[in-house]
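1. Predicted model follows, preceded by the sequence.
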Amino acid sequence: MEIIIFMQLLLAHILTDFVLQPSSWIRQKRQHKTKSPHLYVHALIAGLLTYVFLQDWSGWIVPVFISITHFFIDLWKLNSHKDNLRIFLLDQFFHFIIIVLAWLYLVEGFAHIGRYLESLGNSPKLLAILVGYLLVIFPAGFVIGKATERWQSEIESISGDMSLKAAGRYIGIFERVLVLTFILMGNFSAIGFLIAAKSILRFGNKSDSGARKQTEYVLIGTLMSFAAAILIGFSIRLCCFE
């Protein structure tokens, strides 16, 4: 029952923010802010959908809470000087926190938060998984960068400004996170699929020495990245999954 209530709250938010909000409303809100009627209508829709999905016709506190907080979170976003990914993610994070608070109120879960967090902090399996993801995201990338540093200047002199800034670093992070996830899930065949997908990457004509150097550089970085994620993943499985 608890998970159903959470999904109802989440569904109401998704419909409000992404389905029932036309682009014209967003532009009008950005232009007029608190003078825009769409800002108020949008907040009311958030509360109304929450009320409808929860189907607790005598319970109006949570829908009103959702409407008011949705209004002020959106107003904060509208008053931000930038409209970029960071602001969008913060906006959605604030909405998510409100949804969690509303859910805890509905399921009377506030009294159990401390005990639940304590159990999570004392779970070796969860702590190992958390450490594993942190390792593949941060230290592994740093070590691989240092290990391939001797070739970076040579490759940069060949490619110039043809590559996206820091693209290789983000590609490495995503591939290591995926590999670690596949290992923890026991879906080892998906790692082969990921390697095959990565193999379609090409750098011009292979007969050119510069292209060969770029391909070799990417291959070294890829193998090191996969090896690090696989080693960390199997270490976690051996320690905590057996």
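-> Yes, it's here.
2. name the element the spatially most central residue of the chain belongs to?
-> For the chain, the residue lying nearest the average C-alpha position, counting by Cα atoms, centre = their mean, turns out to be residue 89 (8.9 Å). Mapping residue 89 onto the secondary structure by DSSP states H and E places it in helix 85-106.
3. low pLDDT regions in the chain?
-> By pLDDT under 70, the low-scoring segments of the chain are 116-117, 120, 156-165, 200-211, 242.
4. one step back: how far does the helix holding residue 89 sit from the chain's center?
-> When distances are taken as Cα atoms, centre = their mean, to the nearest Å, helix 85-106 is centred 14 Å away from the chain's centroid.
5. and this structure, what are its domains?
-> With automatic domain parsing serving as the domain definition, the record reports that the chain contains domains spanning 2-117, 123-240.
6. So what's the gap between stretch 92-108 and the chain middle?
-> Averaged C-alpha coordinates place stretch 92-108 at 18 Å from its chain's average position (Cα atoms, centre = their mean).
7. buried residues in that stretch?
-> Applying a neighbour-count criterion of 16 or more other Cβ atoms under 10 Å, the buried positions in stretch 92-108 are 94, 95, 98, 99, 102, 103, 104, 106. For every residue, glycine as well, the C-beta is placed using N, CA and C.
8. got a list of what the closest residue to the last one other than its chain neighbours touches?
-> Here the nearest residue to residue 106 in space, its sequence neighbours aside, is residue 5; by Cβ to Cβ, 6 or more residues apart in numbering that works out to 5.4 Å. Neighbouring residues of residue 5 by Cβ atoms under 8 Å, 6 or more residues apart in numbering: 54, 103, 106, 107.
9. for residue 79, same thing?
-> residue 33.
10. can you pull out the strands in the protein?
-> Taking DSSP state E to define them, one finds no strands in the chain.
11. what's the longest helix along the chain packed up against?
-> Counting residues, the longest helix in the chain under DSSP state H turns out to be helix 209-240. Contacts defined by 3 or more Cβ pairs under 8 Å, 6 or more residues apart in numbering; DSSP states H and E place helix 209-240 against helix 124-137, helix 139-147, helix 149-159, helix 167-185, helix 189-198.
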